[in-house]
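Enquirer: Attaching a predicted model along with its sequence, questions to come.
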Amino acid sequence: MHKINPNKLHHSKWTAAQPSNKEKHFIVTQLLRDEEENVVEVVIEAIYSPRERFVPWKNLKNDSVWKAGWQ
């Protein structure tokens with residue numbers, strides 16, 4: 001697991017460790033915050049298609065699911 005600053009995730013790039021539907025590369029398009037302005041979830045958009053996913057930002061720390069950058 002790698003350290004992530006949730007406030008700097010916007011426009012960051014990610015690679016799915018196990019791609020599905022030819023969607024391997026993603027970019028964070030939005031940060032979703034709670035009432036105390038803490039980041040709770042991120043919206044990631046696939047580069048191959050315009051499909052979006054809502055992901056708890058802490059899931060990005062899991063190296064078996066997500067890798068930082070486009071690889």
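Expert: Thanks, I have the structure now.

Enquirer: what comes into contact with stretch 34-48?
Expert: Applying CB atoms under 8 Å, 6 or more residues apart in numbering, the contact partners of stretch 34-48 are 6-7, 9, 14, 21-33, 51-57, 60. In this view, the C-beta of every residue, glycine as well, is placed from N, C-alpha and C.

Enquirer: in the longest strand along the chain, what's buried?
Expert: Scanning the chain for the strand with the most residues, using DSSP state E, yields strand 23-33. For strand 23-33, burial by neighbour count (16 or more other CB atoms under 10 Å) applies to 23-26, 28, 31.

Enquirer: Kindly report the same for stretch 41-53.
Expert: For stretch 41-53, burial by neighbour count (16+ other CB under 10 Å) applies to 41-46.

Enquirer: Show me which positions of stretch 6-17 end up buried.
Expert: Buried residues in stretch 6-17 (16+ other CB under 10 Å): 6, 9, 12, 14, 16.

Enquirer: So which of the residues you listed is the closest to W70?
Expert: Nearest to W70 among the buried residues of stretch 6-17, counting by CB to CB, is W14 at 7.9 Å.

Enquirer: Next, work out how far apart that closest one and V39 are.
Expert: 15 Å (CB to CB, to the nearest Å).

Enquirer: still on that earlier bit, can I get the buried residues of stretch 6-17 in TSV with distance to S64, pLDDT and secondary structure?
Expert: Formatted as TSV, the buried residues of stretch 6-17 follow (distance: CB to CB, whole Å; pLDDT from 0 to 100; DSSP: H, G, I helix; E, B strand; the rest coil):
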residue	distance to S64	pLDDT	secondary structure
P6	20	90	helix
L9	19	94	coil
S12	19	95	coil
W14	13	96	strand
A16	11	95	strand
